[in-house]
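Asks: Sequence and computational prediction follow.
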Protein chains: 2
Amino acid sequence: MNRKKMLGFKKYYSVEEALKEFKTRIQESKEYEIVNVTDSLNRFSFENVLSNFDLPAEDRSVVDGYAVRSIDVSGASPSNPIEISIVGKISAGEKSSIVIEKDQAIEIYTGGKLPNGSDCVVMAEDCSRNGDKLLVLKQCFKYQNVSRKGEDFSKGDIVIKKGTLIRPFHIGALVSCGVDKLKVFKKARVSVISTGSELKNIGDEKDGIIDSTRPMIISALKENYAEPIDLGIVKDDLNEIKEKLRIAIQISDLVVITGGTSLGNYDLVPDAVESIAKPGIVVHGIAMRPARTTGIAFDGKIPIIMISGFPVAAYISFNLFFREFLKIFYGTVLNPVPEIKGKLTKRFPNPPGIRSFVRVRIIKKDNDYLIEPLRLTGSGILSTLTRANGIMVINENSEGYDENSIVNVEITQPIEEVNNDAKNIS
Amino acid sequence: MNRKKMLGFKKYYSVEEALKEFKTRIQESKEYEIVNVTDSLNRFSFENVLSNFDLPAEDRSVVDGYAVRSIDVSGASPSNPIEISIVGKISAGEKSSIVIEKDQAIEIYTGGKLPNGSDCVVMAEDCSRNGDKLLVLKQCFKYQNVSRKGEDFSKGDIVIKKGTLIRPFHIGALVSCGVDKLKVFKKARVSVISTGSELKNIGDEKDGIIDSTRPMIISALKENYAEPIDLGIVKDDLNEIKEKLRIAIQISDLVVITGGTSLGNYDLVPDAVESIAKPGIVVHGIAMRPARTTGIAFDGKIPIIMISGFPVAAYISFNLFFREFLKIFYGTVLNPVPEIKGKLTKRFPNPPGIRSFVRVRIIKKDNDYLIEPLRLTGSGILSTLTRANGIMVINENSEGYDENSIVNVEITQPIEEVNNDAKNIS
C-alpha cells in the first residue's frame, strides 16, 4: 500500500470550515422554466410574483344577510328592532345597480358585491323578515361583515417572493390573483455516481455487494426538490472514474460521487477529481463522525461532493451539504427540521473537536421523551437509520452528555408512544 | 330566507368530538399495489417487509488494512512492533480461500470478506509494510474493524414495518436486503368538488370569482400522499350537487366538497349529502375558528368532508381532518408537525369553548422567537396564510394568552431572521 496515503488525513476541517468552503463557491441558479400554477407545488419561485388585480375586486359580503347603511341600524337590538325595506337581492359573485337609500336593505349572499350606498351587512340570523319588511335586531358597524376591495392583495402586490417554496396556500393565492403561469427555478440536476468494483445493482446475477447508497441518495434528491441523474456504478479504475466525472460535470448542477473517497489504494476518487476539476478539491477530511472522509471539490461553479460508500455516512454528509446547496441554488430559506427535546437514557461521550451525528431512538413515555442512542460506529449499518427516529448532533466543543441530560434531537421518523393515544390531534 | 336555517347551528361539536365521530368510522385501506423499490419513496408499506438474506452476507472488513488473528498482535505498539507475514490480498467484495494461520496476514480492503482463520482487521495506517513483511504497530481486538455477518439485518428480519412511510434510508435498506419490489398501499383517491354559482376557473372569460380553494386542496392532497380527483365546479343546484356527489362517492376513498356548507339558502351541500349518503351527516358545526361550518358525513365507509369555500377556513379544517384520515387509512404514524416556542407580541384573547387556529408570523430576533398574531377573522383572506409562517392553536379551555406569554406554534413556512446568518447549520 501507498505509505503516504495510509498516514491518514493531514488535517481535518471542522464542519463549519468545510461548510464555509462549500458555500462561498456556490451560486444561485439563473435557469428558470415557466409552469402552470397548478403544477408549481414544491417548486421555488424564480421572481417576485405580483397580483394581477385587486382581491377582492370590490367590497364584498362575507356572510349571508342584508346590505344596509350602518347609520340606519344604529342601536338596533331585540328590544329595539328597527324596520327597513328590502329592495332587491344579490347572489354570490353578482353585482347590482340598485343604490341603497335611507332605511333600505338588499338581500345579499356571501361573496356578493356590496351595493352602492350601503356600508355593512347585517347577518340574516340577526334579522326577522316578513315579505319585503325587515326587522333588524342587532346593530352593525361600518364595514362589518365586509371584505374590502384589495384587502387581501392589491393589484401589483407581491403574492409570493422570489425563492419561495410553493405550498398549497400559495397556489390558492396565486390562482386568486389571476396568476395562471409563473417562472420557477429549473430543478437542480444532480448526478450520482457510485464507485467500487465490488458493487452491483439489485437484480444483477453476479457476485458482489448491492449498491444501496446510490438509490438512497437518488431518493433523497427526489425528496429534496432536485432532479437526480443516475450515472450508475463505475469500477475502481482511475480512467473510468475520470470519464464518468467529465460527463457528470457537463450535465449537472452538482455531482455526488460515492465510495473511494478515503485514502486507500482503491480510493481513486480524489485523484480522479484532482486531475480533471479546477480548482479541484477544496476540502477533504472533516472532523465529524460518521463521514470523516467526506470531500468537497469544484469544477468551476459545479460542486462535487465526495461521500463515503457506507450508506449511513453517505446519508449524513449528503444531507449536511445538500441542504446548504439548496438554500443558495434556489435563493431560499428552508423550513427548519423538526426537533424535540428529550432526556438521554445513558451517558454519551464525545471526542473533543469532533461533531457527532448520533442515531437515536426517541420514545414517548407518559409526557416525557426519552432519547436512547443507537450505536455511533458502524457507518455501514443501515439499520441504525431505519430503526432510529432521530439524530442527535453533538457539537465539537462538547465532551458529550451525561445520563438524564436534556438534549435536542432532529426528528427523522415518527415517534411512537409507549402508552397510546392520550393526545393525537394536530 | 329560510328562518329555520338562519337560526344557526343548534349545537357546535367540539373539535375532539368531531374528530372522534370522524375517526371511528374510517377504516384502514385493503388495497395495495406492487412497485419497484426505487419507486416506493413517500409510499406506505402494505405489509412488513423482510430481508431476503443476511446483511452483511459474511464477516467483512470495514477498513483497508490487514486481516490477522487478534492473538498474534496482542500488545503491539510503536515501541513493540510485531512482525508477521503477508500471504495474500482480498479486495472489496472479494472472497479468498486462503486460511490465515499463526503470524500471517492478508491485505484486505473495505468490504472484503474476512478470511478464515482471522478474527480482526488491523488498519493499514497502524502498520508498516516492507514487501511481504508487515510490522503491526497497534494491537487489535477480536472483531475490531469487522462488520459481522447479519449484524445489520438477518435473513427474515423486518426491514420496514407495515405502515411505514418510505424514506430514502428505507430504500437503501430494502435494496441492501435484496428487496426489489414491494407492496405499498394504493394512494387514497380523493375527489374534490367546489360548489358555487359565482365560481369560475382561472382563465375562464366569464364574470365571477376565481375558485382558489379547489386548486389549493388538490395541491394539499398531492403534498399529503393522496391522489386527487378534480371534479370541478358545480353551481348552486341541489340536483347537480347530488349527481356530482354520487359520482364522487363511487370513485373515491374520500370526498372533499367545498362551499355551500353553512345554513344559508344557497348552502345546498348538507341537503344534497343528507339525501344520498347513508348514514349521512354525523357532524355539522364545529366549535373552532375559522371553519365553524365544517361538516362530516359518511356514505358507508366513504367519508365526505364538507368544508367552507373560504380558502383559509378550508385549508385549516381540511388539514385537521385529513391528517387523521391518513393515519388510519394507511395504518401509520405521521411525523410530528415542526413546532417552535416563542414570545407572543401582543395579548390574544380566546372565546371560551372555541379552538382557535391563529395565523402568526414567527420572527427570529437575536436568540428569541417572537410570535406576532395576524388577523383571526377574514377566513377568506388568503394572504394571512401566505404571510404567516406559523399557526398558533389555542385550545377551547384557554381564555387566550397575555402579551409576552410563551406559546407553542406550528411552523408552516420558513422563519427568516431579523439579524442574519449567526447560525444556520443543522
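Replies: Yep, it's here. Residues are numbered from 1 along each chain as shown, chains lettered A, B, ... in the order given.
Asks: Which segments of chain A make up each domain?
Replies: Split into domains by automatic domain parsing, chain A comes to A:3-29+A:187-329, A:33-55+A:151-185, A:60-147, A:339-411.
Asks: buried stuff in stretch A:296-310?
Replies: Using 16 or more other Cβ atoms under 10 Å in any protein chain shown as the test for burial, stretch A:296-310 gives A:296-299, A:302-310. For every residue, glycine as well, the C-beta is placed using N, CA and C.
Asks: which outside residues touch the helix or strand where A:V159 lies?
Replies: Assigned by DSSP states H and E, A:V159 belongs to strand A:158-160. Applying Cβ atoms under 8 Å, 6 or more residues apart in numbering or on different chains, the external contacts of strand A:158-160 come out as A:45, A:48-51, A:153, A:166, A:170, A:173-174, A:177, A:179, B:386.
Asks: ditto for stretch A:202-216
Replies: With contact meaning Cβ under 8 Å, 6+ apart, stretch A:202-216 is reached by A:192-194, A:196, A:198-201, A:230, A:232-233, A:258-259, A:307-311, A:314-315, A:382, B:37-38, B:56, B:92-93, B:111, B:168-169, B:171-173, B:175-176, B:178, B:180.
Asks: quick revisit: ok, and which of the buried residues of stretch A:296-310 reach chain B?
Replies: A:309-310 (Cβ under 8 Å from any Cβ of the partner chain).
Asks: Any chance of JSON lines for the buried residues of stretch A:296-310, columns secondary structure and pLDDT?
Replies: Output for these, formatted as JSON lines (DSSP: H, G, I helix; E, B strand; the rest coil; pLDDT from 0 to 100):
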{"residue": "A:I296", "secondary structure": "strand", "pLDDT": "97"}
{"residue": "A:A297", "secondary structure": "strand", "pLDDT": "98"}
{"residue": "A:F298", "secondary structure": "strand", "pLDDT": "98"}
{"residue": "A:D299", "secondary structure": "strand", "pLDDT": "98"}
{"residue": "A:I302", "secondary structure": "strand", "pLDDT": "98"}
{"residue": "A:P303", "secondary structure": "strand", "pLDDT": "98"}
{"residue": "A:I304", "secondary structure": "strand", "pLDDT": "98"}
{"residue": "A:I305", "secondary structure": "strand", "pLDDT": "98"}
{"residue": "A:M306", "secondary structure": "strand", "pLDDT": "97"}
{"residue": "A:I307", "secondary structure": "strand", "pLDDT": "96"}
{"residue": "A:S308", "secondary structure": "coil", "pLDDT": "91"}
{"residue": "A:G309", "secondary structure": "coil", "pLDDT": "88"}
{"residue": "A:F310", "secondary structure": "coil", "pLDDT": "89"}
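Asks: before we move on, back to that, out of the domains of chain A, the one nearest B:K102 is which?
Replies: Closest approach to B:K102 among the domains of chain A (Cβ to Cβ): domain A:3-29+A:187-329, 25.1 Å.
Asks: Just the buried residues of the contacts of stretch A:202-216.
Replies: Listed as buried from the contacts of stretch A:202-216 are A:192-194, A:196, A:198-201, A:233, A:258-259, A:307-311, A:314-315, A:382, B:37-38, B:56, B:92-93, B:111, B:168-169, B:171-173, B:175-176, B:178; burial here means 16+ other Cβ under 10 Å.
Asks: Go through the residues you listed and flag which are in strands.
Replies: Taking DSSP state E as the definition of strands, those contribute A:192-194, A:199-200, A:233, A:258, A:307.
Asks: With respect to chain B, which of the residues you listed is nearest?
Replies: Within those, proximity to chain B (Cβ to the nearest Cβ) peaks at A:L199, which comes in at 7.2 Å.
Asks: Quick check, the closest one in contact with A:G259.
Replies: Yes: using Cβ atoms under 8 Å, A:L199 is in contact with A:G259, at 7.4 Å.
Asks: where do the contact lists of those two overlap?
Replies: Residues touching both A:L199 and A:G259 (Cβ under 8 Å, 6+ apart): A:G309.
Asks: Do you have the helices of chain A handy? List them.
Replies: Residue ranges of the helices in chain A, as given by DSSP state H, are A:3-6, A:15-23, A:168-176, A:213-223, A:238-251, A:269-276, A:311-329, A:383-387.
Asks: Need those helices in a markdown table (columns: mean pLDDT).
Replies: Below are the helices of chain A laid out as a markdown table (pLDDT from 0 to 100):
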| stretch | mean pLDDT |
| --- | --- |
| helix A:3-6 | 42 |
| helix A:15-23 | 98 |
| helix A:168-176 | 96 |
| helix A:213-223 | 97 |
| helix A:238-251 | 97 |
| helix A:269-276 | 95 |
| helix A:311-329 | 96 |
| helix A:383-387 | 89 |
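Asks: which one of the ones you listed has the most crowded surroundings?
Replies: helix A:168-176 (a mean of 27; mean count of other Cβ atoms under 10 Å in any protein chain shown).
Asks: which residues are contacting that one?
Replies: With contact meaning Cβ under 8 Å, 6+ apart, helix A:168-176 is reached by A:37-38, A:40-41, A:49, A:55, A:152-153, A:159-160, A:164, A:182, B:202, B:210-213, B:215-217, B:219-220, B:223, B:311, B:315, B:382-383, B:385-386.
Asks: any idea of the angle that helix forms with helix B:213-223?
Replies: 150 degrees (axes from the mean of the first three to the mean of the last three Cα atoms, to 10 degrees).
Asks: mind listing what the closest residue to A:N389 other than its chain neighbours touches?
Replies: Distances taken as Cβ to Cβ, 6 or more residues apart in numbering or on different chains put A:Q413 closest to A:N389, at 3.8 Å, once the chain neighbours are dropped. A:Q413 sits next to A:388-390, B:165, B:167, B:335 when contact means Cβ under 8 Å, 6+ apart.
Asks: With B:V136 as the reference, measure out to A:D64.
Replies: Per Cβ to Cβ, to the nearest Å, A:D64 is found 87 Å from B:V136.
Asks: The stretch 301-426 of chain A: strands as residue ranges?
Replies: Taking DSSP state E, counting those that start in this stretch as the criterion, the stretch 301-426 of chain A contains strands spanning A:302-307, A:339-344, A:348-349, A:355-365, A:368-373, A:390-394, A:400-401, A:406-411.
Asks: CSV please, covering these and showing distance to A:G117.
Replies: Formatted as CSV, the strands of the stretch 301-426 of chain A follow (distance: least, Cβ to Cβ, whole Å):
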stretch, distance to A:G117
strand A:302-307, 64
strand A:339-344, 56
strand A:348-349, 73
strand A:355-365, 60
strand A:368-373, 61
strand A:390-394, 62
strand A:400-401, 70
strand A:406-411, 57
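Asks: if you compare those strands, which one is most tucked away?
Replies: It is strand A:302-307: most buried of those by mean count of other Cβ under 10 Å, with a mean of 26.
Asks: give me the residue from the stretch 151-300 of chain A nearest chain B.
Replies: In the stretch 151-300 of chain A, the residue that lies nearest chain B is A:E198 (2.3 Å; Cβ to the nearest Cβ).
Asks: Near chain B, which residues of the stretch 301-426 of chain A are found?
Replies: A:309-311, A:315, A:320, A:323-324, A:327, A:332-340, A:378-383, A:385-386, A:393, A:410-416, A:424-426.
Asks: ok, A:I166 - contacts?
Replies: A:I166 is in contact with A:40-45, A:160, A:184, counting by Cβ under 8 Å, 6+ apart.
Asks: Just the buried residues of those.
Replies: Among the contacts of A:I166, those classed as buried by 16+ other Cβ under 10 Å are A:40-45, A:160, A:184.
Asks: Next, give phi and psi for the closest residue to A:F153 other than its chain neighbours.
Replies: Counting by Cβ to Cβ, 6+ apart, A:F153 lies nearest to A:S51, which is 4.1 Å off, once chain neighbours are set aside. For A:S51, the backbone dihedrals (degrees, to the nearest 10) come out as phi -70, psi 140.
Asks: what about A:S51, neighbour count?
Replies: Residues contacting A:S51 under the criterion other Cβ atoms under 10 Å in any protein chain shown number 22.
Asks: do you know how far it is from B:L374?
Replies: 18 Å.
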